[in-house]
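In: got a predicted structure here, sequence first:
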Amino acid sequence: MGDIRPGPPQLRPGRALAHTTGASGSGSPHRSDSRPPQTPRGGRPSDPIGRPGTTPPVPGRPAFLIFLLGSAVLLFALITWQVVEDGPLLRVDERVSRALVHPDLASADLADLGNVEIAVPVLVAALLWSAWRARRMGTDRWWLPPTAAAGLMALVPALVVPLKELTDRSGTPVVPPGTGYYPSGHTATAAIAYGAATLLILPWLRTTRARRALVVLYGLLVLGVSFGLVRRGWHWPLDVVASWCLCTVLMLGFWLFLARLGRR
């Protein structure tokens with residue numbers, strides 16, 4: 001009966017209030033000493049599809065993108081320099097090519113997937129479908145991603161053709177005598193056409209499994225075209241690798257453009 005008082009309850013020494021604002025276990029995102037949490041996702045708003053801590057980007061992702069971009073640029077510069085100067089790396093390239101070249105019907109079919117007549121219609125179908133879906137959903141500037149994808153595809157010959165003339169590299173012993181094989185135009189066409197189509201379709205897929213399957217299919221297509229070109233002897237391996245580097249830069253730029261457009 002001695003604890004019954006007419007006034008409000010008093011704090012007793014040695015007793016902690018479990019639900020004091022900011023205390024551990026109170027449900028507050030703050031620490032017990034009122035300092036903000038040390039986790040990088042704490043206190044960050046969610047992105048447009050509800051994933052926490054992705055707007056602004058998660059720390060570490062920009063560093064990875066910068067590393068990937070820088071690696072692609074440096075590797076492309078190194079290979080181009082070796083091709084122009086007829087450096088020792090070309091001797092290794094020739095040995096690898098001799099070990100891999102074994103023309104067959106399957107490799108020819110894979111290489112044909114990088115033809116403009118096959119890859120570009122796939123991209124056109126993807127950009128028309130994505131534009132229709134975006135306009136139907138009332139998306140602002142629905143026309144901008146498909147237009148950017150078309151511009152990206154048009155950029156491929158604008159970059160590849162001058163590089164072919166600049167490097168003036170001869171082809172493998174399998175192809176007729178001539179120059180202009182570096183970098184691989186078929187590889188670049190496949191990487192950009194199928195890659196841009198993939199990025200246009202991804203936002204409209206409802207399940208993670210479908211998105212992963214599409215990305216895996218894209219990777220298999222590019223690898224298949226690359227393998228077919230080298231296996232058939234239509235390109236040196238370094239021709240293909242250089243196109244990978246060039247298209248990595250282009251696809252990263254397109255992906256960042258779409259991500260920024262989506263945040264807006």
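Out: Cool, got the structure.
In: for the rest of this, base every contact and every neighbour count on C-alpha atoms.
Out: Fine.
In: so where's the protein uncertain?
Out: Within the chain, the stretches with pLDDT under 70 are 1-60, 264.
In: pull out the buried positions in the top helix by length along it.
Out: Longest helix in the chain, counting residues (DSSP state H): helix 237-263. Of the residues in helix 237-263, 237-251, 254, 258 count as buried by neighbour count, 16 or more other CA atoms under 10 Å.
In: same question, stretch 185-205
Out: 185-202.
In: which of those fall within helices?
Out: 185-201.
In: show me what the strand or helix carrying Arg231 is packed against.
Out: Assigned by DSSP states H and E, Arg231 falls within helix 208-232. Judged by 3 or more CA pairs under 8 Å, 6 or more residues apart in numbering; DSSP states H and E, helix 208-232 is in contact with helix 89-100, helix 105-112, helix 185-201, helix 237-263.
In: how far off helix 185-201 does that helix point, in degrees?
Out: 170 degrees (axes from the mean of the first three to the mean of the last three CA atoms, to 10 degrees).
In: show me which residues of helix 208-232 are buried.
Out: Residues of helix 208-232 classed as buried: 211, 214-215, 218, 221-232 (neighbour count, 16+ other CA under 10 Å).
In: now do stretch 115-125
Out: Residues of stretch 115-125 classed as buried by neighbour count (16+ other CA under 10 Å): Asn115, Ala119, Val120, Leu123, Val124.
In: let's have the residues you listed in CSV, adding secondary structure and distance to Phe76.
Out: Converted to CSV, the buried residues of stretch 115-125 look like this (DSSP: H, G, I helix; E, B strand; the rest coil; distance: CA to CA, whole Å):
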residue, secondary structure, distance to Phe76
Asn115, coil, 23
Ala119, helix, 24
Val120, helix, 25
Leu123, helix, 26
Val124, helix, 29
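In: okay, the helices and strands packed on helix 208-232 in a markdown table with distance to Arg136 next?
Out: Listed next are the helices and strands packed on helix 208-232 as a markdown table, based on distance: least, CA to CA, whole Å:
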| stretch | distance to Arg136 |
| --- | --- |
| helix 89-100 | 49 |
| helix 105-112 | 35 |
| helix 185-201 | 15 |
| helix 237-263 | 17 |
